[in-house]
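> What shape does this take:
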Amino acid sequence: MSIRKFVLVIMCAAVTCGAAVVLPVVHVSAQQNASGGAQSGATPIQRLEVMRSKLETMRRTLNSAVAGINAKDTASKDAPADDPRARLRGLEKEVGSVLSEVSDLRAKQERADRYDVSLLDKLETSITDLNERVEAGLRATAGERRGGDAAATTTGGEKKKKPGFFGRILGRGGDDKYNELMGTVAEGRDRTLFEEATTEARKDRYETARTLYNVIITTYPDSAYLPAAKLAIADTFYLEGTSSALIQSAAAYQDWLTFFPTHPLSDDVMMKIAEVEMRKMGLPDRDVQPARKAEQRLKAMLQQFPDTSLRPDAEIRLREVQESLGMHNLFVGNQYFDRYFQGKAPNPKGAQSRYREVVEKYPNFSYMDQVLYRLGVTYVQEEEPDEAAKYFQQLVRNHPNSEFAEKAREQLEAIGAAVPEADPQKMKDVPPERPGIREQFFRELLGTTPVTVDKS
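Alright, predicted model coming up:
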């Protein structure tokens, strides 16, 4: 779902009800908190990039929160231990320390140096715990930031020193236009934050947008904009579209569904999770795990929301995903088929199992005629004429215009089985469109499978 669509949903709800609509909130979880399972298929460099992104967001949020607290300078040794600024600065140092560890591991990964891979798991666990403590700290200091709002207003006329290049990157400095907005708490500020974040997202400034959305989550836990902010964070990762961003997008969408399972946009979000997996899909002869996950997500969405208005779109995507899965099984089945006829395998059972899976699971597969013919041939080789006839007859009846139809008739005559008449309706069917040599070349070159997904 696009940022624009979500803003329209929120605004329409507010206008219709004459006030902000408060949706049920079960729990405020750690923002962008991907589970270990969500990253199980990610490469080490992708996992490190996900961790870096989370830590950078935490650091920027903490920097702004510290700037918004009206407390005396905690650089003094006499600062009390429970001083809110000291608490947030302590968390900021922890974030910086963990970020340094992530950077060191990333440097080793890029240099191809050897290191203990279990360190990645430990860092992910550490970041999850740290993120929970950061959110707790931000919520606990919201009152102090609310008190700091008045002070910020009275001193607003004083010209502050510009921060310089690195200061701007780290979110520090007096001229950062979001410092006061993010650092202080005030009535109605959650709406302002949401509007500013959405503006940044439309300008492709996703890091800034996520930081602003996250302030709503950590500072305004009862805000009507909380579901929108959490979902918008997932959307910005989706829009960003890099490998690590898509990993975080899927985790954020799943997190949102966990806490808002009955929301009117749940079907849309479920399809978005499927589209994340579809965008990861490569060629059918390579890793098919993304395609399998996308198929599971789409089937679950259609089962859970049978009357959804998104059903036509979901069915198109399901056919495309199943086409890729069918092609994968055809490739593998053909390898077993060729090995048998080359005398490298004792029987054709490997090919049979792959071809049968296509027939049973993917009835709309565009190469079904080839699958049926080859499956029938394997049963001829196994001296099971009844089984062979079943598939040859299905081919002649349902694919009369296929290049394999005549061969199937010959096989039926050879084994003494009845040759059925072609289905009159199937005679009118246009043969399925298949990629030409040029298109196939470019698919191989790019290593991608063409699928219909909404990238906005």
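
> Now for the residue nearest the centre of the chain, which secondary structure element holds it?
Nearest to the mean C-alpha position of the chain, counting by C-alpha atoms, centre = their mean, stands Ala250 at 2.9 Å. Using DSSP states H and E, Ala250 maps to helix 243-259.

> same question for that helix, mean pLDDT?
Taken as a whole, helix 243-259 carries a mean pLDDT of 92.

> and the next element down the chain from it?
Criterion used, DSSP H and E; the element after helix 243-259 is helix 266-280.

> Only alpha carbons, please: show that next one as PDB.
What follows is helix 266-280 as a C-alpha-only set of coordinates in PDB (Å, rounded to 0.1, in the frame of the first residue of the first chain):
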ATOM      1  CA  SER A 266      -5.200  -6.400   7.000                       C
ATOM      2  CA  ASP A 267      -5.900  -8.000   3.600                       C
ATOM      3  CA  ASP A 268      -3.800  -5.200   1.900                       C
ATOM      4  CA  VAL A 269      -0.900  -5.800   4.300                       C
ATOM      5  CA  MET A 270      -1.000  -9.500   3.800                       C
ATOM      6  CA  MET A 271      -0.700  -9.100   0.100                       C
ATOM      7  CA  LYS A 272       2.100  -6.600   0.600                       C
ATOM      8  CA  ILE A 273       4.000  -9.300   2.500                       C
ATOM      9  CA  ALA A 274       3.600 -11.600  -0.400                       C
ATOM     10  CA  GLU A 275       4.800  -8.900  -2.800                       C
ATOM     11  CA  VAL A 276       7.900  -8.500  -0.700                       C
ATOM     12  CA  GLU A 277       8.700 -12.100  -1.300                       C
ATOM     13  CA  MET A 278       7.800 -11.800  -5.000                       C
ATOM     14  CA  ARG A 279      10.300  -8.900  -5.400                       C
ATOM     15  CA  LYS A 280      13.000 -11.300  -4.000                       C
END
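
> Could you list every helix and strand that it packs against?
On a contact count with 3 or more C-beta pairs under 8 Å, 6 or more residues apart in numbering; DSSP states H and E, helix 266-280 meets helix 226-240, helix 243-259, helix 289-304, helix 311-341. C-beta here means a position set from N, CA and C on the backbone, and glycine is covered the same way.

> what's the angle from that helix to helix 289-304?
Counting by axes from the mean of the first three to the mean of the last three C-alpha atoms, to 10 degrees, helix 266-280 points 160 degrees away from the direction of helix 289-304.

> Report the distance from helix 266-280 to the chain centre.
7 Å (C-alpha atoms, centre = their mean, to the nearest Å).

> Then stretch 328-345?
Worked out by C-alpha atoms, centre = their mean, stretch 328-345 lies 34 Å from the chain centre.

> surely Arg339 meets Pro346?
No. The pair Arg339 and Pro346 does not pass the contact test of C-beta atoms under 8 Å, sitting 9.9 Å apart.

> More neighbours: those two, which one.
The residue with more neighbours, out of Arg339 and Pro346, is Arg339; 15 against 8, by other C-beta atoms under 10 Å.

> so what's Leu246 closest to, chain neighbours aside?
Val276 (5.3 Å; C-beta to C-beta, 6 or more residues apart in numbering).

> Revised request: answer the last question for Asn398.
Lys426 (5.5 Å).

> quick one: that neighbour and Glu275, what's the gap?
33 Å (C-beta to C-beta, to the nearest Å).

> Those two - which one has more neighbours?
When neighbours are counted by other C-beta under 10 Å, Lys426 and Glu275 differ, and Glu275 comes out ahead with 25 against 14.

> so what's the more buried one up against?
238, 294, 317, 453-454 (C-beta atoms under 8 Å, 6 or more residues apart in numbering).
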